[in-house]
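Novice: Fold the following for me, if possible:
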Amino acid sequence: MNDETLTGPEAAGCPVTGGTDAVRLYGPEAATDPHVIYGRLREKHGSVAPVLLEGDVRAWLVLGYRENRRVLDNPLQFSRDSRIWTDFRDGRVEAASPLMQMVGWRPDCVSQDGEPHRRLRGAVNDSLYAMAGRGIRRHITHFANKQIDAFIDAGRADLVADFAEYLPMLVLTRVYGLAEREGRTLAESSKQVIKGGADALAHNERIMGILGELAARKRAEPGADFASSLIEHGSGLDEEEIVNHLRLVLITAHTTTSNLLARVLQLVLTETSWLSGLVSGQLSLSAVVEKVMWDSPPLAVLPGRFATADLELGGCPVKEGDLLVLGLTAGNHDPAIRPDTAVSVQGNASHLAFSAGPHECPGQGIGQAIIETSVNILLHRLPKLRLAVPPSELTSTASTWESRLDSLPVEFAV
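Specialist: The predicted structure follows:
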């Protein structure tokens, strides 16, 4: 039992997880405007609310900024190891559930805490750092120009489908030592794993097959790439650990960077002051990225943490083995720490977009390099770039974990 004083559901205004008040974080309403759901949950329950994930799986959604930080910063109370998850241990969630692609245990650093996490995380950090120093901006420049070359003569493009959707994965194929032709397949499969649904497992198996072949090839013929660096690292990762870390970095790096790139371009093109500030040099791209990370984090909801004991969080009685999912977007918009979202956040990097604590995203530098380099190239090569539709016509589609811009039609001088 945790040493905090437990308060009952009635005192907290918060029912047990999965009760009759639980709201689905998936389905038609969640896909169109999850902010409405977050607002309704916050009004009714406060900073922590009971929700249902895909398959009506019970969970707590953490809405408050401070509560998110408490969970992220305290792995002794909130573990990433799903093997302690009560609903899974008791058979209420099947191993084949699409949800397990996001919250299930794997032999990777995200699923571990303590010393096992430090060992595996060290291998990932060192390997990513080595890759960042090996001309990654040259790879970004190559693929950004190649993407632009494919549509520049038309004078118009969709900067989601024609640019942001695949560019990060093309860069990752080079960093991994994969063939460029694998890029689109891996990008599509990564998107489907995050999206969930019936096809998530098949897409995950496709990714694992490609990466398993890559690991075997690089063990026989190592090179200056991320896969070879993991294999050769002094931490001594076994075959299963290597392939699962290749999967982890591939899916998270591509999905978050492609989503963030699309949102940065959306902000630049829908608010002319941002574009003029960049062109004139009065604004840096890092300031634009920071604004987007506060307002539209690439992952809206982060999976998942598991309570290691009975405790109280935000007035809710969380039980040992309960699943919690972290509302990064909701936390960034928490009125308790950001009562006026119109106030500038420039210079304030305390957002939740990259998570926090021991499991904070290790690939931030590479993602930032992809966005800053590619946007600079795009603005340089496409003079008089402008949105081809009114901003009000831009739409997004959300899943439990993210909200993705559907398209970004633009016109430019040829």
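Novice: quick check, Arg305 in a strand?
Specialist: Yes - counting by DSSP: H, G, I helix; E, B strand; the rest coil, Arg305 is part of a strand.
Novice: ok, what's across the strand from the nearest residue to it once chain neighbours are set aside?
Specialist: For Arg305, ignoring the flanking residues on the chain, the nearest one in space by C-beta to C-beta, 6 or more residues apart in numbering is Phe78 at 4.0 Å. C-betas here are computed from N, CA, C, even on glycine. Beta-bridge pairing of Phe78 under DSSP bridges involves Ala307.
Novice: In this structure Phe78 contacts Ala309, no?
Specialist: No - at 9.9 Å, Phe78 does not count as touching Ala309 under the criterion of C-beta atoms under 8 Å.
Novice: Who has more neighbours out of the two?
Specialist: Phe78 (25 against 15; other C-beta atoms under 10 Å).
Novice: ok, now which ones touch the more buried one?
Specialist: Residues in contact with Phe78, defined by C-beta atoms under 8 Å, 6 or more residues apart in numbering, are 70-72, 305-308, 324.
Novice: and Lys146, how far is that from Leu61?
Specialist: 40 Å (C-beta to C-beta, to the nearest Å).
Novice: who has more neighbours, the two?
Specialist: Between Lys146 and Leu61, counted using other C-beta under 10 Å, the more crowded position is Leu61 (27 against 12).
Novice: did I read that right, the more buried one in a helix?
Specialist: No - secondary structure of Leu61, determined by three-state DSSP: strand, with no helix assignment.
Novice: in what helix or strand does the nearest residue to it once chain neighbours are set aside lie?
Specialist: Counting by C-beta to C-beta, 6+ apart, Val51 is the residue found nearest to Leu61 once chain neighbours are left out, at 4.4 Å. With secondary structure defined by DSSP states H and E, Val51 is part of strand 48-53.
Novice: Which secondary structure state does the residue nearest the centre of the chain sit in?
Specialist: Per C-alpha atoms, centre = their mean, the C-alpha nearest to the average position across the chain is that of Leu299, at 3.6 Å. Assigned with three-state DSSP, Leu299 falls in the coil class.
Novice: how about the strands in this structure?
Specialist: Listed in chain order, the strands found in the chain under DSSP state E are 23-24, 48-53, 57-62, 78-79, 156-158, 301-307, 311-313, 316-318, 323-327, 386-387, 396-398, 403-405, 409-411.
Novice: Now do stretch 44-55, average pLDDT.
Specialist: Within the predicted structure, the mean pLDDT of stretch 44-55 is 95.
Novice: What is the end-to-end distance of it?
Specialist: In stretch 44-55, first residue to last residue: 23 Å (C-alpha to C-alpha, to the nearest Å).
Novice: Stretch 265-282 too?
Specialist: Between the opening and closing residues of stretch 265-282 there is a gap of 17 Å (C-alpha to C-alpha).
Novice: Which of the residues in the helix ranked longest in the chain are classified as buried?
Specialist: Ordering each helix of the chain by length in residues (DSSP state H) puts helix 239-270 first. Buried residues in helix 239-270, counted by 16 or more other C-beta atoms under 10 Å: 241-269.
Novice: next one: it to chain centre, how far?
Specialist: 7 Å (C-alpha atoms, centre = their mean, to the nearest Å).
Novice: can you check stretch 112-123 too?
Specialist: Using C-alpha atoms, centre = their mean, the mean C-alpha position of stretch 112-123 is found 20 Å from that of the whole chain.
Novice: Name the residues of that stretch that come out as buried.
Specialist: 112-113, 117, 119-121, 123.
Novice: Nearest to Val343 among those?
Specialist: Arg121 (34.9 Å; C-beta to C-beta).
Novice: quick one: the closest one and Leu326, what's the gap?
Specialist: Going from Arg121 to Leu326 by C-beta to C-beta gives 18 Å.
Novice: for Val249, same thing?
Specialist: Between Val249 and Leu326 the computed distance is 20 Å (C-beta to C-beta).
Novice: For the stretch 301-414 of the chain, just list every one of the helices.
Specialist: Remark: helices of the stretch 301-414 of the chain, listed N- to C-terminal, are 328-332, 364-381; assignment by DSSP state H, counting those that start in this stretch.
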